[in-house]
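Novice: Please work out how this folds:
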Amino acid sequence: MSLEFLSACELARKIRDKAIGSRELTDLYIERIERFDGDLNAVVVRDFERARQAADAADEALAQGQALGPLHGVPMTIKEAYDIAGLPTTWGVPDLKDNIAKEDSETVKRFKAAGAHFMGKTNVPLQLADFQSYNEIYGTTRNPWNTERGPGGSSGGSAAALAAGFCALESGSDIGGSIRNPAHFCGVYGHKPTWNIVPQQGHSLPGMLATPDIAVVGPLARSAEDLALSLDIVSGPEPLVERGWKLELPRPRHTKLSDYRVALWPTDPMAPVATEVADRVSQVGDRLAALGAHVSDTARPDFDIASSHETYLYMLNGVMAAGLPSEVLAAMEAQVAGLDPHDRSTEAVMARAAVQKHGDWLRYNNRREMLRMAWRDFFQDWDILLCPQTATPAFEHDHRPMEERTLAVNGSPQPYFQQLFWAGLITVAYLPSTVFPTGASQEGLPIGLQAVGAEYDDHTCIDFARLVADEMGGFVAPPGY
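Specialist: Sure thing, here's the model as predicted:
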């Protein structure tokens, strides 16, 4: 594989061995961004001169025998939603186009402490609230596998930049699949960590300081090894609690695929997926069984799926609506007042959730605790749940109002936000999930699957994906890049 597509771990080794300089590698990525990103529009905030200065400093330190960390001299980009001192953080909101960060986010600080440096920031949808990545400030990001398709959202620029070979490593965020969806669409790796094991300070809109429920920040990469290293770098206590709080993530449960117990969930009547996506779950399961793994396509956690999804929508929209203006919330309350009390459609549930009272949240939080316990029991018997991330491979750009959008699944239009089901099934219970590539669809678009584990079994999810890549193949660069 050519230099630009090597993993961050491999590139760090080459820098340490002086097979390549940090400045040489940084210039290579900058040249690629300048050559290819006009078509993709992934790296929308560029900080090339400071990146070159950091690369020169890394090379000088190495020349003097100083190692700056496991990512010494490795160039990165990062999702626009993270603060980097001196750069804008807008979340795609036009009113925030002049919001310049005064200090680095906690994730950026930790990557820099590990020796990495940043060339710029990658595109997002408005308020990080879409499965596509476009906004009035930065425009539309396109998928390197097919520019007529989106790269996913909300970390769409992150995944597109990785897939096109614009950077060595990335970091995104996820509350409704925003790491996992772009990883699936662009054929890269993404890890949604167990909730609250990676600090979120500096990944927020102005004035928002508290860690939001169910939302996480976490890495995207071109290899599972990079995910594992990144997670070790960025996980740990947040600054407010580090005096008395310690994280000890378990290491992977097994060392070979034949030892794994894997439950398959290829599709579900609540959110049907494209036949070729469901088939891919089964195909990977068949391969695992042939290798000696214990595989089941009937094992399920013991809870009501509809109740789980409704609980997720309440948790999700409680977070997403928290920053809405008072006049918008007032209009939503009026809308909810006019709903049929028996209407349990996704749209009705999401509307109620946006204006829920604290007592409502407490009741749904209690439901969530029951879900967590059911998943805990499930993962006593199973190591990994293998399931889709979303219903289809990358779809065509669709910038109509969201209420007008649908998604064609096996030729049938499905509600646009039905895509949340597979992400939310995992997110509501704080579970970790690694999306890994499994090869192309009939149209030549990537298909990624979720490897889900028990709470805090993040490294089991990631290492399972590593073992699958060793056996079945991993990242493949898109044609033309």
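Novice: Against which helices or strands is the longest helix belonging to the chain packed?
Specialist: Longest helix in the chain, counting residues (DSSP state H): helix 358-381. Helices and strands touching helix 358-381, by 3 or more C-beta pairs under 8 Å, 6 or more residues apart in numbering; DSSP states H and E, are helix 305-320. To be clear about C-beta, it is placed using only N, CA and C from the backbone, and glycine gets the same treatment.
Novice: mind listing what's buried in whatever helix or strand comes next after the helix it packs on?
Specialist: Using DSSP states H and E, the helix or strand that follows helix 305-320 in sequence is helix 326-337. Using 16 or more other C-beta atoms under 10 Å as the test for burial, helix 326-337 gives M332.
Novice: Stretch 457-475 too?
Specialist: Those would be 457-469, 472, 474-475, for stretch 457-475 by 16+ other C-beta under 10 Å.
Novice: Just those residues: which are in helices?
Specialist: Short answer: these in helices (DSSP H) are 458-469, 472.
Novice: For the residues you listed, give me TSV that also has pLDDT and distance to A423.
Specialist: Listed next are these as TSV, based on pLDDT from 0 to 100; distance: C-beta to C-beta, whole Å:
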residue	pLDDT	distance to A423
D458	99	17
H459	98	21
T460	98	19
C461	98	15
I462	99	18
D463	98	22
F464	98	19
A465	98	17
R466	98	22
L467	98	24
V468	98	20
A469	98	22
M472	96	23
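Novice: I'd like the average pLDDT over stretch 195-209.
Specialist: Averaging pLDDT along stretch 195-209 gives 94.
Novice: Can you name the residues that contact the closest residue to E242 other than its chain neighbours?
Specialist: With C-beta to C-beta, 6 or more residues apart in numbering as the criterion, E242 has its nearest non-adjacent residue at 7.5 Å, and that residue is G236. Neighbour list for G236: I197, V198, P199, E242, L247 [criterion: C-beta atoms under 8 Å, 6 or more residues apart in numbering].
Novice: hang on, the earlier thing: what sits up against the longest helix of the chain?
Specialist: Contacts of helix 358-381 (C-beta under 8 Å, 6+ apart): 261, 263, 299-303, 307-308, 311, 314-315, 318, 352, 356, 385, 428-431, 453-455, 457.
Novice: cool, and stretch 268-288?
Specialist: 257, 260, 262, 264-267, 295, 297, 305-306, 309, 386-388, 390-393, 409-410, 414, 418-419, 421-422, 438-439, 441-442, 447, 449, 468, 471-472.
Novice: Please indicate which of the residues you listed are buried?
Specialist: The buried subset of the contacts of stretch 268-288 (16+ other C-beta under 10 Å) comprises 257, 260, 262, 264-267, 295, 309, 386-388, 390-393, 409, 414, 418-419, 421-422, 438, 441, 447, 449, 468, 472.
Novice: Kindly provide the distance from the residue nearest the centre of the chain to Q64.
Specialist: The centre of the chain sits closest to I179, judged by C-alpha atoms, centre = their mean, with a distance of 1.0 Å. Per C-beta to C-beta, to the nearest Å, I179 is found 37 Å from Q64.
Novice: Over to T255?
Specialist: 39 Å.
Novice: Same drill for these two, tell me which one is more crowded.
Specialist: Legend: neighbour count by other C-beta atoms under 10 Å for T255 and Q64, higher for T255 (10 against 7).
Novice: rewinding a little: for PyMOL, write the select line for the buried members of the contacts of helix 358-381.
Specialist: Restricted to buried positions by 16+ other C-beta under 10 Å, the PyMOL selection for these reads:
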select buried, resi 261+263+301+303+308+311+314+315+318+352+356+385+428+429+430+431+453+454+455+457
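Novice: Sitting in helices, which of the contacts of helix 358-381 do you find?
Specialist: Reading helices off those with DSSP H, I get S307, S308, T311, Y314, M315, G318, R352.
Novice: residues in contact with the fifth one?
Specialist: To tie it back to what came earlier, the one meant is M315. Per C-beta under 8 Å, 6+ apart, neighbours of M315: D213, I214, A353, W361, Y364, N365, R368, V428.
Novice: Tabulate those in CSV, adding columns for pLDDT and distance to I15.
Specialist: As requested, the contacts of M315 are exported to CSV (pLDDT from 0 to 100; distance: C-beta to C-beta, whole Å):
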residue, pLDDT, distance to I15
D213, 96, 39
I214, 97, 37
A353, 90, 47
W361, 94, 48
Y364, 96, 48
N365, 97, 46
R368, 98, 44
V428, 98, 41
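Novice: what comes into contact with stretch 129-139?
Specialist: 41, 44-45, 80, 90, 92-94, 97, 123-126, 140-141, 150-157, 160, 177, 181-182, 320, 390, 397-399, 402, 416, 419.
Novice: Show me those that map onto strands.
Specialist: V44, V45, T140 (DSSP state E).
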